[in-house]
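J.: I need the structure of the sequence given here:
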Amino acid sequence: MSAARWTRDEPLTVLVDDVRDFKDERPALVARSSPEALSLLDELGGKRIDHLWLDHDLIGKDTVDPVVDLLVHRAKEGSPLNVGQIHIHTINLLAGAGMASALRTAGYPVVRSYALTMWTRLF
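T.: Numbering: from 1, shown residues only. Got it, this is the predicted structure:
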């Protein structure tokens with residue numbers, strides 16, 4: 001779903017994950033790679049993202065690090081993304097801790113999510 005067509009009244013949820021979808025089928029804009037996520041965030045512009053879900057390890061050697069770097073950079077520049085809550089749901093514990101620390105230090109609200117039963121896997 002294109003961000004430009006997002007006109008729903010429900011909260012805006014963005015999911016960055018290569019293999020998971022929400023089991024409850026909640027409406028979400030989905031990016032399967034870091035380039036897709038960066039493009040989606042750019043397309044959203046200044047729209048409020050109520051829930052931003054981040055997995056760390058994506059397809060191949062891709063990770064969510066470029067997205068985290070963008071968020072941190074924007075916060076340092078004084079123009080953080082308008083995000084209500086960042087949910088880190090990676091099973092990579094070390095990377096998740098690093099992501100959470102960097103994003104919290106930049107001023108974003110971050111929680112770790114370990115709820116394995118909320119997902120369906122594409123593969």
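
J.: Show me the shaky parts of the protein.
T.: Scanning the chain for pLDDT under 70 picks out the ranges 1-8.

J.: residue boundaries of the helices in the protein?
T.: Using DSSP state H, the helices of the chain run over residues 34-44, 65-76, 93-105.

J.: So for the second one, what gets flagged as buried?
T.: Think helix 65-76. If you call a residue buried by 16 or more other CB atoms under 10 Å, then helix 65-76 has these buried ones: 67-68, 70-72, 75. No exception for glycine: its C-beta is placed from N, CA and C like everyone else's.

J.: Which elements pack onto that helix?
T.: helix 34-44, helix 93-105 (3 or more CB pairs under 8 Å, 6 or more residues apart in numbering; DSSP states H and E).

J.: export those helices to TSV and tack on mean neighbour count?
T.: Shown next, in TSV, are these (neighbours: other CB atoms under 10 Å):
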stretch	mean neighbour count
helix 34-44	17
helix 93-105	16
